[in-house]
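Visitor: coords below, sequence missing:
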């Protein structure tokens with residue numbers, strides 16, 4: 001098979017072996033049965049699509065929301081964000097795309113509220129609040145640089161959580177934690193225990209490299225915020241990691257095939273385990289992997305630690321305070337005592353049997 005390269009076009013074989021050609025910018029397909037790859041007709045069709053795309057894709061208009069978003073996306077304020085946060089922001093920008101041409105001079109507080117409420121109606125309360133928060137970020141950035149006179153999204157309240165709504169990412173009970181670890185297959189248990197006893201989120205736990213765990217201590221950074229996390233590993237976790245199945249993956253935890261977990265792959269395995277335990281009545285409904293961060297925070301709070309200590313333990317940033325990056329040596333004395341009390345609390349809780 002002869003392969004050719006055409007600038008601006010994606011040429012590949014799909015999973016059935018059929019050749020596909022798409023214009024990258026507009027995702028316009030080319031029918032290779034009518035325009036065989038490499039033929040004069042094929043190159044003529046490529047030129048035709050490229051010429052049309054240059055005419056139909058307009059630049060953002062001056063003084064509009066679209067231009068503000070475009071300028072913000074090119075700035076260090078956006079480029080310095082973590083990849084995950086950039087993806088979250090981009091999904092919000094995609095939602096706002098239909099109103100790109102809206103003049104910034106016409107955007108006021110009532111309009112921001114209507115946009116927030118419409119997003120919540122279509123995609124849920126949390127998404128509506130995220131849209132409002134993202135708009136506040138770009139308007140604040142734009143106001144500092146003269147794109148807009150002020151931030152029309154500032155001080156707009158988020159949509160309140162309805163009373164009686166089940167708590168998202170609720171903490172796990174002691175009995176639920178024990179039931180899950182007891183029932184988890186050997187290749188799933190290390191990752192679950194890592195989230196359960198360090199407060200690392202699912203992505204950070206699954207991607208944790210072997211060399212970030214040394215001499216019974218974990219030193220890493222949160223992928224979302226870049227905040228440092230130093231955590232002397234509690235005794236039960238040391239035992240689980242020591243007895244974990246051997247594998248050659250660079251990550252501390254691995255799948256049954258000895259390969260690094262993907263987030264989707266682990267969630268699928270966790271969902272099966274959770275459903276089986278729910279049906280057996282061993283756990284209550286509503287357990288999530290991210291709820292384990294809440295669980296660690298609750299245990300630390302119940303052990304008497306203040307909110308600043310808990311935030312340091314979980315690698316959290318706060319809106320109210322801009323903290324300096326803390327070096328591992330700076331956190332070591334503080335976290336040694338914190339995790340010692342967490343370890344002691346786990347030991348006490350292992351003797352309890354509480355139904356979910």
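Guide: In hand now; what should we look at? What you are looking at is a predicted structure, and each value in this text was computed from that prediction instead of being measured.
Visitor: For stretch 96-108, give the mean pLDDT please.
Guide: Stretch 96-108 comes out with an average pLDDT of 93.
Visitor: Can you give me the first-to-last residue distance of it?
Guide: 15 Å (Cα to Cα, to the nearest Å).
Visitor: List of residues touching it?
Guide: Stretch 96-108 has contacts (Cβ atoms under 8 Å, 6 or more residues apart in numbering) with 60-61, 63-66, 68-69, 115, 131, 135, 139, 142, 147-148, 152. Yep, even glycine has a C-beta here, placed from its N, CA and C like the rest.
Visitor: buried subset of those?
Guide: 64-66, 68-69, 115, 131, 135, 139, 142, 147-148, 152 (16 or more other Cβ atoms under 10 Å).
Visitor: Serialize the residues you listed to TSV and add fields for pLDDT and secondary structure.
Guide: As requested, the buried ones among the contacts of stretch 96-108 are exported to TSV (pLDDT from 0 to 100; DSSP: H, G, I helix; E, B strand; the rest coil):
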residue	pLDDT	secondary structure
64	92	strand
65	94	helix
66	93	helix
68	94	helix
69	94	helix
115	96	helix
131	96	helix
135	96	helix
139	96	helix
142	95	helix
147	92	coil
148	93	coil
152	95	coil
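Visitor: Please identify which of these is nearest to residue 36.
Guide: residue 66 (38.9 Å; Cβ to Cβ).
Visitor: Helices of the stretch 151-300 of the chain, residue ranges please.
Guide: 174-183, 189-198, 202-207, 235-242, 263-279, 291-302 (DSSP state H, counting those that start in this stretch).
Visitor: Can you tell me which of the ones you listed is nearest to residue 52?
Guide: helix 263-279 (36.8 Å).
Visitor: Which elements pack onto that closest one?
Guide: The contact analysis (3 or more Cβ pairs under 8 Å, 6 or more residues apart in numbering; DSSP states H and E) places helix 263-279 against helix 174-183, helix 202-207.
Visitor: Out of those, which one sits most buried?
Guide: helix 202-207 (a mean of 21; mean count of other Cβ atoms under 10 Å).
Visitor: Tell me the helices and strands packed up against that one.
Guide: helix 189-198, helix 263-279.
Visitor: List of residues touching the last one?
Guide: With Cβ under 8 Å, 6+ apart as the contact definition, helix 263-279 has outside contacts at 179-180, 183-185, 188, 191-192, 202-203, 206, 255, 283-285, 287, 289.
Visitor: Likewise for stretch 162-171?
Guide: Contacts of stretch 162-171 (Cβ under 8 Å, 6+ apart): 125, 286-288, 290-291, 293-295, 297-298.
Visitor: buried stuff in it?
Guide: 170-171.
Visitor: so where's this structure uncertain?
Guide: Along the chain, the parts satisfying pLDDT under 70 run over 1-3, 54-60, 317-334, 351-356.
Visitor: Spell out, range by range, the strands that occur in it.
Guide: Using DSSP state E, the strands of the chain run over 9-13, 19-23, 213-214, 217-221, 228-232.
Visitor: out of these, deepest packed?
Guide: Using mean count of other Cβ under 10 Å, strand 228-232 ranks as the most buried of the strands of the chain, with a mean of 22.
Visitor: And residue 183, how far from residue 264?
Guide: With the distance defined as Cβ to Cβ, to the nearest Å, residue 183 ends up 22 Å from residue 264.
Visitor: now do residue 99
Guide: 32 Å.
Visitor: and if you look at residue 23?
Guide: 29 Å.
Visitor: Residue 208 - how many residues pack around it?
Guide: 20 (other Cβ atoms under 10 Å).
Visitor: Phi, psi for it please.
Guide: Main-chain torsions, residue 208, degrees, to the nearest 10: phi -60, psi 120.
Visitor: Report the separation between it and residue 345.
Guide: Counting by Cβ to Cβ, the gap from residue 208 to residue 345 is 23 Å.
Visitor: same check, this time on residue 253
Guide: 24 Å.
Visitor: Was I right to think residue 300 contacts residue 340?
Guide: No: using Cβ atoms under 8 Å, residue 300 is not in contact with residue 340, being 11.8 Å away.
Visitor: Which one's more surrounded, the two?
Guide: Higher neighbour count among residue 300 and residue 340: residue 300, with 22 against 12, using other Cβ under 10 Å.
Visitor: And residue 259, how far from residue 273?
Guide: 19 Å.
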